[in-house]
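1. Sharing a sequence plus its predicted fold:
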Amino acid sequence: MQKEPYCKILGINPFKESEYDAKKLDGIIRAACEKWTRDSTNIDEDVRLEATRNLDKKAQMNDALLDPESRGKEFEESRKTLKSLLMPLMNRCLITEDGKKYAFPRAVQEQLSKIGWKGIGPEDVAAILGLEKGRPEPPVSPVVSNSYSYLQKVKASTPMDALNALISNPSLGIQHHYLNDSSGTASVKEALSRCLEKLAVVKLSNFPEINSYLDCLRKLNALTDEELGSLIAYSRCCRDLDDAMDALVAECSFVTRKQIDELLPSDVDLKLGIPVLESFCYKKGIAANFSRTDTSLARCPRCLKLINEGKEAMVCPYCGTPIKAKCPRCGTMQSCDNKICMSCGFDFVRNVANAKKMAVSFRSNLKKGDLQAAKADLVTIKESYSANIKTATLENEYERCREDLEKYSSVAKEAYRCGRYYSALAALRALERRYQEVIPNNPDLDSMYRSAQGCFDLAQESCDAAKGAEDEKKRLELYIDAAEHCMDHPAARQYLRSHPPQGVADCKATPTKDGTILLTFTPLGDSKGVSYCVYRGTEVPVVNEDTAPFEVLSRHKAETGFEDKTVESGVKYHYVVASRRWGILSRPMQHIGPVVAFENVRKVSINPTEDGFHISFERPKGAHAVRISRCVRGDEENCTDVEVGSGEECDDFCLVGNIYIYYFQTEYMVGDVLESSS
């Protein structure tokens, strides 16, 4: 027997977990215990026994609900239990054609009374089961449905039936042709007018039903043409569905869409007929599914709870028991207990064993870092064993392994490239902890690991020797030797930080006419073991010894200057320049910026035409606009703008016989400021 949830005993809604903290729950438990203490002396034996049993559970309730971790588990189990107790309502509701579910208020109250879970109301039920509030949208307006009720009072199915009954009465003497289903609103209104005129002078003794008919005709006469047309269609539809409605009333089980389709007349207007039947079923409390979706319920053979039996119900959501299996060969849904597919004969038992072998092979390849082999295993599993293994789990494992390999390998390779072998080893060891066999089975990583380890060991030997050196100069030489073997050896770096190199001087960043930025500075006089690190960013770069430089310059390159050819025109750049020796950066570093490069148009072509010149050019990437002006040679002060537009060519109309000079300006948006090249 399953344990009764503490949330049910205490009248707590487990779907509102966020509203309950430890203090509030403690108060609820105390109040409940006080009530149970009083009830434990009640003369009613059932009340007394229940109160005594609940008092015995006080300690367990405190443990389960007052500890945050236990509370989460208790609320989760309570949510599952409550939902399973409410699931029978899914067989006692109306599901409209668009999939919306409406529970009958009476059915909800009856189910809540059965389960006896205090603190749960009809609105909670709707939220838990995904039910709609209120009732389905009526098929016609209230005015039309009210008019239809007047037709029923005179025992007429349609307005035409009501009028024909009057026209066919010889004692009334109404001169008008009979109406039929094809009669339009104009004919109905004309007959309605004739009948009202005649009934106005008829005596009650000659026509006892006169008052009922007068009320009905006056109601119809008050309708607009559109409302009358809607009433005619609605009443005809109700008449055509009369037999179907009688059959639905006789049903005592949940009606499926297939059964509904069998009841529908072949000539009925489905656009109106389905909403009419939906409204009828809700009014009569008839549980039915008008959608095309399978909403039937099944009972789990293990925990006996009701679950949705649609295509997705492969496993019980409450206890995890397999419910159905899908044949990977033919796709037939069937009992998970089948040893052989009932449709194509696929052997489930043998393939379960094969699936397990493939899963072992897949995970073994992941440990080796052999993504290609693991991917091949995954493809095979998807194609042949997807019914036996949760492929989504394997896909997540594959992606996690791929991301880890990419992440740690790239970190290790970048650190190794820069001579930071200690960092490279740390990244490779972190990868090895996750996938023990990946480095031995990857020649590139294994070679990098051995090389980095060798360099680190040499640096460690120098550091160990430096610790025992009595001469400060000798100690410095040994730590320098360690840094030359492994730039980021922690002991060497710690010691050499007290001997940083001098910083560079006279740093300048100058935009060039080609749209690049030329960086110049004065190198150090003592250049032994010194390199120069350049860092770049659209914000001021934050730099430490582990920051990868944008560019590393030798003394020779530093003397000639560094031209940054990868900048984008119109973008603000900041540079930080530092000298580096033995892996230690100078203090202070030099910051230059912001500096912006502007590139002008390229590949300009100016060709004469009958009326002037045709101008074409190549617009630089990121340019906001290109402006062109011209002047006559000898009159350079008076320039005329040429209409360019947003393209890369234009025509300029000029006077014959002049010599013209053209000026190009490329504009860029730098922040909120428009700036231009010359």
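-> Yep, it's here. Residues are numbered from 1 along each chain as shown.
2. residues near I584, how many?
-> 21 (other Cβ atoms under 10 Å). Where you see a C-beta, it was placed from the backbone N, CA and C, and this is true even at glycine.
3. contacting residues for it?
-> A483, R493, L496, R497, H499, P500, P501, E545 (Cβ atoms under 8 Å, 6 or more residues apart in numbering).
4. 7 Å instead?
-> By Cβ atoms under 7 Å, 6 or more residues apart in numbering, the residues touching I584 are R493, L496, R497, P500, P501, E545.
5. From these, list just the buried residues.
-> R493, L496, P500, P501 (16 or more other Cβ atoms under 10 Å).
6. Quick check, pLDDT for the third one.
-> P500 carries a pLDDT score of 87 in this model.
7. Quick check: it touching P588?
-> No: counting by Cβ atoms under 7 Å, P588 is not a contact partner of P500; they are 9.9 Å apart.
8. returning to that earlier point: any chance of the buried ones among the contacts of I584 in JSON lines, plus distance to L10?
-> Output for the buried ones among the contacts of I584, formatted as JSON lines (distance: Cβ to Cβ, whole Å):
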{"residue": "R493", "distance to L10": "61"}
{"residue": "L496", "distance to L10": "66"}
{"residue": "P500", "distance to L10": "67"}
{"residue": "P501", "distance to L10": "71"}
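9. Name the nearest of those relative to F456.
-> Among those, R493 lies closest to F456 (Cβ to Cβ), at 12.5 Å.
10. Can you tell me the element that closest one falls in?
-> helix 490-496 (DSSP states H and E).
11. List the buried residues in that helix.
-> Result for helix 490-496 [16+ other Cβ under 10 Å]: buried residues A491, A492, R493, Y495, L496.
12. Test my guess that the first one contacts D464.
-> What it means is A491. No: between A491 and D464 there is no contact under Cβ under 7 Å: 8.8 Å.
13. Report the distance from the helix or strand where A59 lies to the chain centre.
-> Assigned by DSSP H and E, A59 belongs to helix 58-66. Chain-centre distance of helix 58-66: 37 Å, with Cα atoms, centre = their mean, to the nearest Å.
14. What is it packed up against?
-> Contacts defined by 3 or more Cβ pairs under 7 Å, 6 or more residues apart in numbering; DSSP states H and E place helix 58-66 against helix 6-10, helix 22-39, helix 68-86.
15. could those go into a markdown table alongside distance to P275?
-> Listed next are these as a markdown table, based on distance: least, Cβ to Cβ, whole Å:
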| stretch | distance to P275 |
| --- | --- |
| helix 6-10 | 39 |
| helix 22-39 | 46 |
| helix 68-86 | 27 |
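16. Highest mean neighbour count across these, which stretch is it?
-> Highest mean neighbour count of the helices and strands packed on helix 58-66: helix 6-10, a mean of 22 (counted as mean count of other Cβ atoms under 10 Å).
17. for that helix, packing partners?
-> Checked by 3+ Cβ pairs under 7 Å, 6+ apart, helix 6-10 has helix 22-39, helix 58-66, helix 68-86 packed alongside it.
18. got those helices as a markdown table, with mean pLDDT and distance to L553 columns?
-> Converted to a markdown table, the helices and strands packed on helix 6-10 look like this (pLDDT from 0 to 100; distance: least, Cβ to Cβ, whole Å):
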| stretch | mean pLDDT | distance to L553 |
| --- | --- | --- |
| helix 22-39 | 94 | 62 |
| helix 58-66 | 92 | 64 |
| helix 68-86 | 91 | 56 |
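19. Of those helices, which is nearest R627?
-> Of all those, helix 68-86 comes closest under Cβ to Cβ, at 65.2 Å.
20. Walk me through the domains of the protein.
-> 6-89+108-115, 142-289, 297-346, 393-499, 505-596, 602-676 (automatic domain parsing).
21. Check these for me: which has the lowest mean pLDDT.
-> domain 297-346 (a mean of 70).
22. okay, how far is it across that domain, tip to tip?
-> 27 Å (Cα to Cα, to the nearest Å).
23. Same question for stretch 604-612.
-> End to end - Cα to Cα - stretch 604-612 spans 16 Å.
24. For that stretch, buried residues please.
-> Of the residues in stretch 604-612, those buried (16+ other Cβ under 10 Å) are G612.
25. Make 26 the starting number, not 1.
-> Noted, 26 is the first residue going forward, which turns the last one into stretch 629-637.
26. Give me the contacts around it.
-> By Cβ under 7 Å, 6+ apart, stretch 629-637 touches F638, H639, I640, S641, F642, D676, D677, F678, C679, Y687, F689.
27. three-state assignment of the residue located most distally from the centre of the chain?
-> Within the chain, the residue lying farthest from the chain centre (Cα atoms, centre = their mean) is S230, at 74.0 Å. Three-state assignment for S230 (DSSP: H, G, I helix; E, B strand; the rest coil): coil.
28. In contact with L396: list those residues for me.
-> L396 touches C426, R427, L430, counting by Cβ under 7 Å, 6+ apart.
29. So which of these sit within helices?
-> Judged by DSSP state H, these include C426, R427, L430 as members of helices.
30. would TSV of those with distance to A269 and neighbour count be doable?
-> What follows is the ones in helices among the contacts of L396, written out as TSV (distance: Cβ to Cβ, whole Å; neighbours: other Cβ atoms under 10 Å):
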residue	distance to A269	neighbour count
C426	59	21
R427	58	15
L430	64	19
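31. and of these, the nearest to K48?
-> C426 (44.7 Å).
32. Need the nearest residue in space to the closest one, chain neighbours excluded.
-> Nearest in space to C426, with sequence neighbours left out and distances taken as Cβ to Cβ, 6 or more residues apart in numbering, is L391 at 4.7 Å.
33. Next, the buried residues of the helix or strand that neighbour falls within.
-> Using DSSP H and E, L391 sits in helix 373-393. Buried residues in helix 373-393, counted by 16+ other Cβ under 10 Å: F373, N376, N379, A380, M383, A384, S386, F387, R388, N390, L391, K393.
34. cool, stretch 607-624 as well?
-> By neighbour count on 16+ other Cβ under 10 Å, the buried set for stretch 607-624 is 607-611, 614-615, 617-618, 620-624.
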